[in-house]
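Sequence first, then the predicted structure:
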Protein chains: 2
Amino acid sequence: MNVDFINPFLTALLNVTTTMASLQLTPGKPRIKADNYAKGDVSGLIGMVGPQTRGSLSITFEQGLILEIMQKMLGENPGKINEEVADLVGELTNMVTGGAKKLLSEKGYEFDMATPVVVSGPGHTISHIANGKKILMPFASPFGTAYIEICFEDL
Amino acid sequence: MNVDFINPFLTALLNVTTTMASLQLTPGKPRIKADNYAKGDVSGLIGMVGPQTRGSLSITFEQGLILEIMQKMLGENPGKINEEVADLVGELTNMVTGGAKKLLSEKGYEFDMATPVVVSGPGHTISHIANGKKILMPFASPFGTAYIEICFEDL
């Protein structure tokens, strides 16, 4: 998997948090995920299916960061991860994947998105099962960390 | 969503656990998921994309049940949810969704499967975000409970 394929996801998350939540995340260096798991408190997951490949994406947030995003986007902070926060994470997952899909389509990569699923649970970990390299992208903020993970077959 | 669309998933899980693990699960009545969350310790999730619809499936296991399935299928029980258990849950998710896909294809419903993602974390909950009814199917056993949840748009 080349950097052309990774950057659109990174760019899409930065665009979404900047424009929707006025929050500037600091991207770390994308790396191939080995044993180091991204632990977080709420994750949005989405499947992607295209003629050239299929795969999965996850966006995992630590509680402090997603609550700050909710505060900035919607003006409310429930203080814990509830159904409204899960809906917001689903929406962010759709927006980030949709943004990357648009950028990748311009480069000739096409895929369709499934519908997102959101998982809530303190300190959970994610394993992408596709036969392909797992790319982990960390994003830092004063409120906590977010991680995008993507995995595609046959790229 | 009609029962024709639900039963293939129920049948596929019963087939897989019976043939692969000699374990007879007892299916409960499928119901529309409202606020009652299925809590579990490890979940396999997969996206589905077809010309008529798109959606998501999750299979959630309590720890005791997935460890018993691992014992029966592979002859080993790691005593906790580790990477091998996550791989097994990914494989089961592929087998159940693939089995249901085959049954549904015979009825004229076609979809492609994305690659699965497995989430590990004690007592996590799942929210399917598609604009459609969420169907929850419980499966009981002496070792713990499993839940299939499916959600499709436009059915």
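Great, that's in hand. Residues are numbered from 1 along each chain as shown, chains lettered A, B, ... in the order given.

from here on, contacts and neighbour counts on C-alpha atoms
OK.

Quick test: name the residue nearest the centre of chain A.
residue A:59 (2.7 Å; CA atoms, centre = their mean).

what helices or strands is the helix-or-strand element of chain A with minimal mean pLDDT leaning on?
Within chain A, no helix or strand scores below strand A:31-32, which has a mean of 88 by mean pLDDT, DSSP states H and E. Here strand A:31-32 touches strand A:134-140, going by 3 or more CA pairs under 8 Å, 6 or more residues apart in numbering or on different chains; DSSP states H and E.

Phi, psi for the closest residue to residue A:88 other than its chain neighbours please.
Distances taken as CA to CA, 6 or more residues apart in numbering or on different chains place residue A:70 nearest to residue A:88, at 7.5 Å, with adjacent residues excluded. Backbone torsions of residue A:70, given as degrees, to the nearest 10, read phi -60, psi -40.

got a pLDDT number for residue A:70?
Residue A:70 carries a pLDDT value of 97.

picking that back up, gap between the least confident helix or strand of chain A and the chain center?
Between the centre of strand A:31-32 and the centre of its chain there are 15 Å (CA atoms, centre = their mean, to the nearest Å).

Quick one: residues contacting the residue nearest to residue A:88.
By CA atoms under 8 Å, 6 or more residues apart in numbering or on different chains, the contact set of residue A:70 is A:21, A:76, A:77, A:85, A:88.

ok so the second one is a strand residue?
No - the assignment for residue A:76 (DSSP: H, G, I helix; E, B strand; the rest coil) gives coil, which keeps it out of a strand.

residue boundaries of the helices in chain A?
Taking DSSP state H to define them, one finds helices in chain A at A:3-21, A:63-74, A:83-106.

Tell me the buried residues in the second one?
Neighbour-count burial for helix A:63-74, counted by 16 or more other CA atoms under 10 Å in any protein chain shown, picks out A:63, A:64, A:65, A:66, A:67, A:68, A:69, A:70, A:72, A:73.

Now do the phi/psi pair for residue A:79.
Dihedral angles (degrees, to the nearest 10) for residue A:79: phi 80, psi -10.

Confirm for me that it is in contact with residue A:68.
No - with contact defined as CA atoms under 8 Å, residue A:79 does not count as touching residue A:68 (9.6 Å).
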